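*Asks:* predicted model and sequence below, questions to follow.
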Amino acid sequence: MLYSLFYQIVHSYLIIFIHSYFTVYKYVLTQPNKKMASICLSEWIIRAKESGLKEFSSCITAFNNWFDEICNSFDYPWANGPLEGTHTKIKTLKRNCFGMRNFDLFRKRIMFSCK
């Protein structure tokens with residue numbers, strides 16, 4: 001009983017703590033340019049490291065590895081999402097069209113599906 005109560009208190013504290021970091025991260029995402037975003041993201045990474053929570057370790061590693069790319073996304077509107085979607089569609093067709101008679105029919109099927 002006591003263990004369950006302690007677990008609930010710790011879990012509630014952790015949720016509140018992580019929510020505060022998420023709120024700060026949402027603030028980072030609203031920055032208008034790369035310079036401001038890099039400053040805010042650096043501050044967020046430092047605060048997350050100082051928290052000592054193991055839940056943030058993989059996130060911190062990813063942000064450090066992709067820091068420049070993340071900051072560039074604030075100045076450049078380009079994304080590879082549509083291309084990734086087309087690639088996934090082609091891979092799915094490839095799995096479904098395993099018994100196609102020849103490559104020309106398979107190519108036409110891809111061209112028709114990806115219009």
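*Replies:* Received, thanks. Residues are numbered from 1 along each chain as shown.
*Asks:* care to break the chain down by domain?
*Replies:* 2-72, 81-113 (automatic domain parsing).
*Asks:* out of those, deepest packed?
*Replies:* domain 2-72 (a mean of 13; mean count of other CB atoms under 10 Å). (Glycine included, C-beta is placed from N, CA and C.)
*Asks:* mean confidence for that one?
*Replies:* Average pLDDT, domain 2-72: 84.
*Asks:* I figured Cys97 hits Arg107, correct?
*Replies:* No: Cys97 lies out of contact with Arg107 (CB atoms under 8 Å); the separation is 10.6 Å.
*Asks:* what about the residue located most distally from the centre of the chain, is that helix, strand or coil?
*Replies:* Residue farthest from the centre of the chain, counting by CA atoms, centre = their mean, is Arg101 at 39.4 Å. Assigned with DSSP: H, G, I helix; E, B strand; the rest coil, Arg101 falls in the coil class.
*Asks:* and it, how far is that from Thr92?
*Replies:* 19 Å (CB to CB, to the nearest Å).
*Asks:* with Ser42 instead?
*Replies:* 40 Å.
*Asks:* kindly report the same for Asn65.
*Replies:* 29 Å.
*Asks:* quick one, what contacts the residue nearest to Ser38 when sequence neighbours are not counted?
*Replies:* Nearest residue to Ser38, sequence neighbours excluded (CB to CB, 6 or more residues apart in numbering): Cys71, at 4.5 Å. When contacts are counted by CB atoms under 8 Å, 6 or more residues apart in numbering, Cys71 touches Lys34, Ala37, Ser38, Leu41.
*Asks:* show me where the protein has helices.
*Replies:* 2-29, 34-51, 57-65, 67-72, 81-96, 103-113 (DSSP state H).
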